[in-house]
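J.: I would like the atomic coordinates for the input below:
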Amino acid sequence: MTHGPNFRHVRTLSLALAAGSIVSLIGCTGGGGSSQGSTERTSSSGAVIQDVPEALPKTKDEMAQASLAKAQQLAKSGMKRPALAEFERAIENNPSLPQAYMGAAEIYREQGDYESASVRYGQAADLMPQSFEPRYNQGLMLQLLHRLQDAVRAYLKALEIKPNDFDANLNIATAYLEMNEPASGLPYAQRAVQINPKSGPAHANLGSIYGALNRHQDAVNEYRQALELVELSPPLLLNLANSLGKIGRYDEMVNTLNQVIKIQPSAAAYERMGYAEFKLYKYDEALKYFRTSVEIDPNYAPGHTGIGVCLLNEYEFTKRQNDALRAEALQHLRTSVQLDPRQTQVIDLINRYR
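T.: Numbering: from 1, shown residues only. A predicted model of the protein is given here:
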């Protein structure tokens with residue numbers, strides 16, 4: 001491929017001549033010079049300067065390598081959009097460059113485009129089957145997209161390469177928990193704690209899995225260790241309170257829920273407090289907490305269930321003389337079932353008292 005001389009210099013010098021400057025043109029060629037040709041000009045001191053045209057890449061692979069190098073430099077300088085365009089250009093010209101896929105994936109990830117990032121990470125992983133990073137990151141993107149089964153498959157491949165990676169073990173355990181498969185997640189959650197015993201999130205995650213498996217004493221132990229390592233967190237405290245209730249430690253449950261309510265009052269916190277007070281035979285207090293729960297969130301089904309149970313309990317204490325209590329109780333229980341139809345025990349209560 002050939003190209004002409006450096007016309008920018010020719011035009012500039014022509015204008016100078018028109019203005020009467022003393023400039024001589026030596027060896028300027030027309031529009032048909034070869035790619036190895038050159039343009040000569042003189043400096044103000046009379047020295048001859050030769051301009052050599054920059055060589056352009058000739059093959060697709062050379063163009064891909066040039067785009068990759070340019071993309072990496074742009075990304076390093078913080079110019080992510082043009083960098084992404086160059087990464088994609090490199091992929092177009094040479095689909096076998098894993099660095100280009102990884103570079104594009106990182107930018108897609110930063111932009112919040114997890115779908116595109118997962119695709120590019122997966123393609124990089126196919127080109128580097130023994131590399132942990134692309135397969136792990138593919139799993140992470142899929143988990144963020146709530147494509148949990150695909151995420152688990154990616155994490156498993158990553159763990160084949162690096163079995164003791166903390167993040168991969170923690171994340172796959174979380175994914176299994178989200179899929180309601182806590183037994184499958186248990187060994188990974190345990191391994192995450194073994195790898196990093198000082199990680200609060202790892203202990204909290206293991207506690208959640210123990211809780212889902214009804215191993216509530218183990219859950220309490222893990223939640224307490226987590227609380228020693230991280231700041232007080234309402235979700236973590238709620239989980240601890242729930243497991244304390246499951247093993248009958250209601251006073252500790254109340255103390256824990258008081259902390260939650262101070263930090264972040266919520267329908268769930270008040271409903272759990274109502275449950276604890278009910279178990280402590282403080283029925284009036286329990287009813288107040290349940291009512292506060294539905295005041296905060298009228299669509300919180302457990303709060304309505306709590307009110308219904310309290311009112312039916314009071315109805316029994318009156319030896320079924322106050323039918324208004326029964327009517328209001330049934331109203332709340334029906335609302336609860338409308339919000340969450342899976343409550344077979346609540347349905348049984350409705351059928352028994354209607």
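J.: quick one, what contacts the residue nearest the centre of the chain?
T.: When the chain is reduced to its mean C-alpha position, the closest residue under Cα atoms, centre = their mean turns out to be L144, at 4.1 Å. By Cβ atoms under 8 Å, 6 or more residues apart in numbering, the contact set of L144 is Y114. Just so you know, the C-beta spots here come from the backbone N, C-alpha and C atoms, and that holds for glycine as well.
J.: Would you quantify the distance from it to L325?
T.: Relative to L325, L144 is positioned 48 Å away (criterion: Cβ to Cβ, to the nearest Å).
J.: And for Y108?
T.: In this structure, Y108 lies at 59 Å from L325, with Cβ to Cβ as the measure.
J.: out of those two, which sits in the more crowded spot?
T.: Between Y108 and L325, Y108 has the larger neighbour count (other Cβ atoms under 10 Å), namely 22 against 19.
J.: Low-confidence bits of this protein, can you list those?
T.: By pLDDT under 70, the low-scoring segments of the chain are 1-58.
J.: can you give me the strands for it?
T.: 39-42, 48-51 (DSSP state E).
J.: Can you give the domain ranges for this protein?
T.: By the assignment in automatic domain parsing, the chain contains the domains 7-51, 58-162, 283-354.
J.: distance between the ends of the last one?
T.: Same thing as domain 283-354. With Cα to Cα, to the nearest Å as the measure, the first residue of domain 283-354 is 22 Å from its last.
J.: mind checking how far it is from the chain centre?
T.: On the basis of Cα atoms, centre = their mean, to the nearest Å, the separation between the geometric centre of domain 283-354 and that of its chain is 38 Å.
J.: same thing with the second one?
T.: Domain 58-162 sits 17 Å away from the centroid of its parent chain (Cα atoms, centre = their mean).
J.: With stretch 265-280 instead?
T.: Distance of stretch 265-280 from its chain centroid, counting by Cα atoms, centre = their mean, is 31 Å.
J.: Render the CA-only coordinates of that stretch in PDB, please.
T.: Taking C-alpha atoms only, stretch 265-280 is exported to PDB below (Å, rounded to 0.1, in the frame of the first residue of the first chain):
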ATOM      1  CA  PRO A 265     -36.800   0.800  63.600                       C
ATOM      2  CA  SER A 266     -38.500  -1.400  61.100                       C
ATOM      3  CA  ALA A 267     -41.700  -3.500  60.700                       C
ATOM      4  CA  ALA A 268     -39.600  -6.700  61.100                       C
ATOM      5  CA  ALA A 269     -37.900  -5.500  64.300                       C
ATOM      6  CA  TYR A 270     -41.200  -4.600  66.000                       C
ATOM      7  CA  GLU A 271     -42.900  -7.800  64.800                       C
ATOM      8  CA  ARG A 272     -40.000  -9.900  66.200                       C
ATOM      9  CA  MET A 273     -40.200  -7.900  69.500                       C
ATOM     10  CA  GLY A 274     -43.900  -8.700  69.600                       C
ATOM     11  CA  TYR A 275     -43.100 -12.400  69.200                       C
ATOM     12  CA  ALA A 276     -40.600 -12.300  72.000                       C
ATOM     13  CA  GLU A 277     -42.900 -10.600  74.400                       C
ATOM     14  CA  PHE A 278     -45.700 -13.000  73.500                       C
ATOM     15  CA  LYS A 279     -43.400 -15.900  74.400                       C
ATOM     16  CA  LEU A 280     -42.700 -14.100  77.700                       C
END
